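Asks: sharing a model that was predicted from the sequence below.
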Protein chains: 2
Amino acid sequence: MDMRKPAPPESAGEDESSDIKTLSRRLKIGAARPRDGGPGQNHPMYQGRLHGALARQLGVDILRGVYKQGEILPNEIDSSSSLDISRSAYRESIRILAAKGMVESRPKTGTRVTERTRWNLLDPEVLGWMFETEPPHDFVKALFELRLITEPAAAELAAQRRTDEQVESMRHSIEVMKRETLQTEAGRRADLEFHHTLIQATDNEALASLSSSIEAAVSWTTRYKARHNVLTRDPVPDHERVFEAVAAGDGRAARWCMESLIRMAHEDTQRAFTN
Amino acid sequence: MDMRKPAPPESAGEDESSDIKTLSRRLKIGAARPRDGGPGQNHPMYQGRLHGALARQLGVDILRGVYKQGEILPNEIDSSSSLDISRSAYRESIRILAAKGMVESRPKTGTRVTERTRWNLLDPEVLGWMFETEPPHDFVKALFELRLITEPAAAELAAQRRTDEQVESMRHSIEVMKRETLQTEAGRRADLEFHHTLIQATDNEALASLSSSIEAAVSWTTRYKARHNVLTRDPVPDHERVFEAVAAGDGRAARWCMESLIRMAHEDTQRAFTN
DNA sequence: ACGCCGATTTACTCAGACAAATAAAGCTTT
DNA sequence: AAAGCTTTATTTGTCTGAGTAAATCGGCGT
């Protein structure tokens, strides 16, 4: 009676994949989404939801320049029918991109890619899309430069404002890191927890929002480092030095240690991208 | 034959407002959106669009704590019917909020407000919503603290990297500002243009994205200053000092001048909020 | 030449249906 | 009785097709 997804019910053999693979085939997103259990699914917001998958696809395409700034996308009817999805799903994905400042749609004109300076590049998801493929060197450089501005300052504030509970939490994370190293899942989780607590200790919501976005993005780079077999120096001692300065309430030391930690991470990352 | 918007066609007198006011009545947004032509319409993205208006309304409510973090919104059917809008429009507005990390929806569970640490507080629109009403003092303080970290560093980079064209553009903006002062529309436009060019001169996309968000938000605070009749010192000479340092390529001076400029703005803003 | 005004294209909104996912309750088996 | 499986109920997700509103473009008249 209704002809939605008509194939699967009766058609023998040939294609037993039910739903997720159907999305994959439709959107050609199979290669990127269902990765291994690494830090890839940090944004479980759209788990196999069509609108989220399409938004991600379009977002990546825009970031890679497949759709250039100022360009106008095909209209809703054509786009959705050529992707073989409903207009609602398509519209919702466009809404997501618009919320991130990447497109802008008006009647009669259509939906156009906005100028690059209006994109919310520091949005966690946009950052994730950026690292979906190898990001431009310029951008990685810019990100580390920004990190070098904000994180040492954050460490300084944290040293001045941290509570005793936060010190204990960080001490625990450091211990786990020392025991497990960053090769293990537990170790990496401890690393993230350490940074999270440090950020909270700054007692500055705005700074925290920024840092957590960047942290997440930078953690993507560790994938590249691992993938390219770059031998990175052990960052745990540096973390420990930062921790000790924060615990001691020594702002200047905390700033300095954090700065050198980031410089090191940047150098390692650069080696991963240039070889 | 069809009963959409049945009232207006025949019913005499009583209600001749056609569409925009209908939205207003429905969403009670009439008071906030169609403001005077100030910097209010900095985000012309959703111009009277229903999904945008509702997203803004819900966003503001979440930021103000009307819906608390962890709370679950009424389901789509109830919400949309009680607002007297379609499910599609409601869903698109939820999609916008989800894109900004403020809600998260799953089948069976519903749509819940996420924890505050996951909100993209530096998203330009979210910042706009925050300043829709009087923002919490803590947040304003945090914002200026962040500004004090990033903007001086940005000024330093700009001094080192600016092109001659950018110097000329900034010189022009400064001249307009001196002539028009910040009381006029043209003067304020020149101010924004000056900051925009300065940001571009840093040659760092990530920093630019951050700064332009914050700049826009901070420009909201000027509304409060004007509204509360706070007598602010003339900021034009400070801008001029920053400009001269940048033009001369003196990074350290640029940093220092920008720092004092921000401190002054912060003090003025504080006086606006505390009286 | 300039402004008004209609036609066309586009996104926007609506309505109702069905599908998928998942938490919770119920059932079975050990 | 507890653990695991199955059913059920609820909610978001997706689809379809229609009509509405807005903005651009072209023609018209002044």
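Replies: Perfect, I can see it now.
Asks: and A:Ala247, that's in a strand?
Replies: No: using DSSP: H, G, I helix; E, B strand; the rest coil, the assignment for A:Ala247 is helix, not a strand.
Asks: what sits against it?
Replies: Shown in contact with A:Ala247 (CB atoms under 8 Å, 6 or more residues apart in numbering or on different chains): A:162, A:167, A:170-171. The C-beta positions use only the backbone N, C-alpha and C, and glycine is treated the same way.
Asks: which of these tops the neighbour count?
Replies: Tallying neighbours with other CB atoms under 10 Å in any protein chain shown puts A:Met170 at the head of the contacts of A:Ala247, with 26 neighbours.
Asks: ok, the closest residue to chain B within chain A - contacts?
Replies: Closest to chain B within chain A is A:Ala99: 3.7 Å, counting by CB to the nearest CB. The contact partners of A:Ala99, taken as CB under 8 Å, 6+ apart, are B:55, B:95-96, B:99-100, B:123, B:125.
Asks: restricted to helices, list the contacts of A:Ala247.
Replies: Among the contacts of A:Ala247, the ones falling in helices (DSSP state H) are A:167, A:170-171.
Asks: among the residues you listed, which one lies nearest to A:His196?
Replies: Minimum distance to A:His196 across the ones in helices among the contacts of A:Ala247 is 9.7 Å, recorded for A:Met170 (CB to CB).
Asks: thought that closest one was touching A:Thr197?
Replies: Yes: with contact defined as CB atoms under 8 Å, A:Met170 reaches A:Thr197; the gap is 5.2 Å.
Asks: up against chain B, what does the stretch 51-200 of chain A have?
Replies: Residues of the stretch 51-200 of chain A found near chain B (CB under 8 Å from any CB of the partner chain) are A:51, A:55, A:88, A:91-92, A:95-96, A:98-101, A:104, A:106, A:116-117, A:119-125, A:138-139, A:142-143, A:145-146, A:149-150, A:153, A:157, A:200.
Asks: not counting sequence-adjacent ones, nearest residue to the residue of chain A closest to chain B?
Replies: Excluding the flanking residues, the one nearest A:Ala99 by CB to CB, 6 or more residues apart in numbering or on different chains is B:Ala99, at 3.7 Å.
Asks: just want the phi and psi numbers for the nearest residue to A:Arg116 once chain neighbours are set aside.
Replies: Excluding the flanking residues, the one nearest A:Arg116 by CB to CB, 6+ apart is A:Gln69, at 5.2 Å. For A:Gln69, the backbone dihedrals (degrees, to the nearest 10) come out as phi -60, psi 140.
Asks: any idea how many residues pack against A:Gln69?
Replies: The burial count for A:Gln69: 15, using other CB under 10 Å.
Asks: where does it land on pLDDT?
Replies: As predicted, A:Gln69 sits at a pLDDT of 97.
Asks: isn't it up against A:Thr114?
Replies: Yes: using CB under 8 Å, A:Gln69 is in contact with A:Thr114, at 6.6 Å.
Asks: relative to A:Glu132, which of the ones in helices among the contacts of A:Ala247 is nearest.
Replies: Among these, and counting by CB to CB, the member closest to A:Glu132 is A:Met170, at 31.4 Å.
Asks: report the contact partners of A:Glu240.
Replies: A:174, A:178.
Asks: buried stuff in the helix or strand it falls within?
Replies: Assigned by DSSP states H and E, A:Glu240 falls within helix A:236-248. For helix A:236-248, the neighbour count (16 or more other CB atoms under 10 Å in any protein chain shown) marks A:236, A:238-247 as buried.
Asks: what packs against the next helix or strand after it?
Replies: Counting by DSSP H and E, the next helix or strand C-terminal to helix A:236-248 is helix A:251-274. Contact here means 3 or more CB pairs under 8 Å, 6 or more residues apart in numbering or on different chains; DSSP states H and E; on that basis helix A:251-274 packs against helix A:137-161, helix A:205-227, helix A:236-248.
Asks: excluding chain neighbours, what is closest to whatever residue of chain A ends up closest to DNA strand D?
Replies: Of all residues in chain A, A:Leu50 sits closest to DNA strand D, at 2.6 Å by CB to the nearest atom of the strand. The shortest distance from A:Leu50 to any residue other than its chain neighbours is 4.6 Å, reached at A:Ala89 (CB to CB, 6+ apart).
Asks: quick check: next helix or strand after the helix or strand the one you found falls within?
Replies: Taking DSSP H and E as the definition, A:Ala89 sits inside helix A:87-99. Next in sequence after helix A:87-99, counting helices and strands by DSSP H and E, comes strand A:103-106.
Asks: and DNA strand D, is the next helix or strand after that following strand touching that?
Replies: As assigned by DSSP H and E, the chain's next helix or strand after strand A:103-106 is strand A:110-113. No: shown here: strand A:110-113 not in contact with DNA strand D (CB under 7 Å from any atom of the strand), separated by at least 9.2 Å.
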